[in-house]
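**Q** Sequence and computational prediction follow.
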Amino acid sequence: MSLTALPQLLRPRALRIGDLVVIAALSGPLHAVNEPDLEQAVVVLERMGFRVRRAPLLEAGRHRWWSAARPAEIAEEFNGLLRDPEVRAIIAHDGGQSVLGYLDLIDVEAIAADPKPILGYSDISLLHLVLYARTGLVGFHTDLATPGLGGHWQRAPAARSTELEKLYSTLLTGTEPIGALPATPSWECWRTGRAEGRLIGGVINRIVLAQATPFALPLERFDGAVLFWEEAGGQAAYVWSYLQVLRHAGILDRISGMVVGIPHAIDGLDSPDASPTLREIVLDVLGDRDIPVVGNVEFGHAGPNLPMPVGIRVALDAHQRTLSLLEPAVRPLAATAPGG
């Protein structure tokens, strides 16, 4: 498939109660201390009604440098899951620094033949962006299994974790648009306005890295898009620099709106030495681009994640501080065509 083509949106088949969800080590390793969190993630997925299996590489203590295994080994296991008709969804156990090593080894033909939800964020952002570019696959930018479902969700207020569990289940099984995502008072209007467009994004450093590979999203894919991003770690200056890269690439001139996640562990934000806020950094780089911007939205490293399905059409109203999913992320069970 030509990387410059604009493939039809590729929605996975809706999951059914009893379908198999596999937790896989698509990037970083499983540390023994995190085993209880992984076990709790299994409980959450089973409570949603799914069967759950752990992929073989997801074994406490197994690692190669900072990865769960060599890139070719991760790709081999991932491709096996993509080809296995019994597997109906794959959720990454954690993020890390490994996906760049096997982007060129993924069986995209298997994805086109039997698209299935791939869930996760952080390093998994690369998978969402690249697979959306290559096949049109909807990317499920959601919590990871171990630090998310088994970690943040367990520490969140019970009402919030219950709300997210229902939301994730609906995202995977429902074939009607979800509509407005559940907002909280943390959401801020940084620049007013309204926009509708395809939701595209992830960790901002991974967006920039993806665009540096042969599997980059064609710039045309950003036309009218609502760009969502977050960042964890590093320096405030890095965020400013990444946004400048998006400006130089022409992406900021093409998007119709922006949604910014809650920053996590970024040095140089809101410090006593007159450092900028994240809002100030964003508006500085945007300049006079008159697009709606909402900040401090709950997705990314800062805590329990709202789902942000890559490729799905959304409506953003910055003044009202709302983000609505206008179409489903999955297709009906009876549908024979893979596209949306």
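**A** Nice, thanks for sending it over. Numbers count the residues shown, from 1 in each chain.
**Q** Distance of the most far-flung residue of the chain relative to its centre relative to residue 236?
**A** Counting by CA atoms, centre = their mean, the extreme residue of the chain relative to its mean C-alpha position is residue 273, 33.4 Å from that point. Here residue 273 is placed at a distance of 11 Å from residue 236 (CB to CB, to the nearest Å). No exception for glycine: its C-beta is placed from N, CA and C like everyone else's.
**Q** do residue 267 as well
**A** When CB to CB is the yardstick, residue 267 and residue 236 sit 7 Å from each other.
**Q** Which one's more surrounded, these two?
**A** Between residue 267 and residue 236, counted using other CB atoms under 10 Å, the more crowded position is residue 236 (21 against 12).
**Q** Show the contacting residues for that one.
**A** With contacts taken as CB atoms under 8 Å, 6 or more residues apart in numbering, residue 236 has the following neighbours: 266, 267, 268, 269, 275, 276, 278, 281.
**Q** Those residues into a markdown table, with extra columns for secondary structure and distance to residue 223?
**A** Conversion of the contacts of residue 236 to a markdown table gives the following (DSSP: H, G, I helix; E, B strand; the rest coil; distance: CB to CB, whole Å):
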| residue | secondary structure | distance to residue 223 |
| --- | --- | --- |
| 266 | coil | 30 |
| 267 | strand | 35 |
| 268 | coil | 33 |
| 269 | coil | 31 |
| 275 | coil | 34 |
| 276 | coil | 29 |
| 278 | helix | 26 |
| 281 | helix | 25 |
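**Q** Nearest to residue 81 among those residues?
**A** For residue 81, the closest of those turns out to be residue 266, at 33.7 Å, with distances computed as CB to CB.
**Q** so which strand or helix has the residue farthest from the centre of the chain?
**A** When secondary structure is defined using DSSP states H and E, no element contains residue 273, which sits outside every helix and strand.
**Q** Repeat that for residue 167.
**A** Following DSSP H and E, the helix or strand that holds residue 167 is helix 158-173.
**Q** Remind me what that helix packs against, helices and strands.
**A** helix 153-155 (3 or more CB pairs under 8 Å, 6 or more residues apart in numbering; DSSP states H and E).
**Q** Not counting sequence-adjacent ones, nearest residue to residue 298?
**A** Taking CB to CB, 6 or more residues apart in numbering as the measure, residue 298 lies nearest to residue 306, with 5.2 Å between them; neighbours along the chain are not counted.
**Q** domain parsing for the chain?
**A** For the chain, automatic domain parsing gives the domain ranges 20-173, 179-325.
**Q** How far does the first one stretch from one end to the other?
**A** What it means is domain 20-173. Start-to-end span of domain 20-173 (CA to CA, to the nearest Å) is 13 Å.
**Q** Adjust the sequence numbering to begin at 24 for everything that follows.
**A** Renumbered: residue one is now 24, and that last one reads domain 43-196.
**Q** now it: how far from the chain's centre is it?
**A** When C-alpha coordinates are averaged (CA atoms, centre = their mean, to the nearest Å), domain 43-196 and its chain have centres 11 Å apart.
**Q** Over to the shortest one?
**A** Averaging C-alpha coordinates over domain 202-348 and over its chain gives two centres that are 13 Å apart (CA atoms, centre = their mean).
**Q** could you dump stretch 224-231 to CSV, C-alpha only?
**A** Listed next in CSV are the C-alpha coordinates belonging to stretch 224-231 (Å, rounded to 0.1, in the frame of the first residue of the first chain):
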residue,chain,number,x,y,z
GLY,A,224,-2.1,12.3,18.3
GLY,A,225,-0.3,10.7,21.2
VAL,A,226,2.8,11.5,23.2
ILE,A,227,4.2,14.6,21.5
ASN,A,228,7.8,13.2,21.2
ARG,A,229,6.4,10.1,19.5
ILE,A,230,4.4,12.2,17.1
VAL,A,231,7.6,13.9,16.1
